[in-house]
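S.K.: Sequence and computational prediction follow.
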Amino acid sequence: MKKTLNWLFDYPNLKLYQYEEAFKFSLDSILLAEFADIKKNDNKILDLCTGNGVIPTILAWRTNKNIIGIELQKSIYDLAVLSLKVNKLEDKIDYICDDINNVNKYFKEESFDVILCNPPYFPYYDEDHVNKNDLKKIARHEIFIDLKSLLEIASKMLHSKGRFYLVHIPERLDEILYLAHQFRLVAKEIQFIYSKEDKNATIVLIKFIKDGRFGVKIRPSINIEGLKTYQNIFRKD
């Protein structure tokens, strides 16, 4: 597959390797990286299903923190490693190539302050309903990790009061909230994203706190149609 090196939207001097035909980073990952509120005392940050490293790259650019990304697909992991070098972020980001179901092979439970994830969005039923390209199929469909298992992993790896940031499709919001409660993850902020006026929301971003108190804030909706930058899109003046 042919690799291309592309600018990471309008982030100064940041570039990412992608596969021209098979795998490109999504806007969802950029929005999730911007949505995450990284605090001064957050020292251990984990990005699950990291892909080619969009989220760690933006977080490393935005903050002084060290970030760990874990990606199952070796060919996509290789893109993240190449991007790491071209952006000279080797001292701030580490990547692991493995199934996120094996994350406890590398870290103790309850050891992270912040976890993020842009996971596969769609349930897997059979081969007739999925993309024929393996890279896209695994990235988009719950073949190796389903929603319930993802939330369980995030909860296990977060310490109490740690934060989990998730991007997903609004159609599964009720399922997400129902399952999250089973694993002590309490939704604290929900952000809907619209791509066109007078259309349904296309993206939902959720901030969870492990063992948090009940009470959720629905943030003002954002329409991204025509936006020329996503930097600081969620920041208040």
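M.R.: Alright, I've got the coordinates.
S.K.: so where do the strands sit in the protein?
M.R.: 3-7, 15-19, 45-48, 67-71, 93-97, 112-117, 158-168, 185-194, 203-210, 217-218, 222-223 (DSSP state E).
S.K.: got CSV for these, with distance to I38 and mean neighbour count too?
M.R.: In short, each C-beta sits where N, CA and C put it, glycine included. Formatted as CSV, those follow (distance: least, C-beta to C-beta, whole Å; neighbours: other C-beta atoms under 10 Å):
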stretch, distance to I38, mean neighbour count
strand 3-7, 23, 12
strand 15-19, 20, 21
strand 45-48, 7, 26
strand 67-71, 9, 24
strand 93-97, 14, 19
strand 112-117, 7, 24
strand 158-168, 9, 21
strand 185-194, 15, 19
strand 203-210, 12, 22
strand 217-218, 19, 10
strand 222-223, 20, 16
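S.K.: got CSV for those strands, with distance to L84 too?
M.R.: Below are the strands of the chain laid out as CSV (distance: least, C-beta to C-beta, whole Å):
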stretch, distance to L84
strand 3-7, 13
strand 15-19, 10
strand 45-48, 13
strand 67-71, 9
strand 93-97, 6
strand 112-117, 17
strand 158-168, 21
strand 185-194, 28
strand 203-210, 25
strand 217-218, 35
strand 222-223, 30
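S.K.: So which of these is nearest V103?
M.R.: Nearest to V103, of all the strands of the chain, is strand 67-71, at 6.2 Å by C-beta to C-beta.
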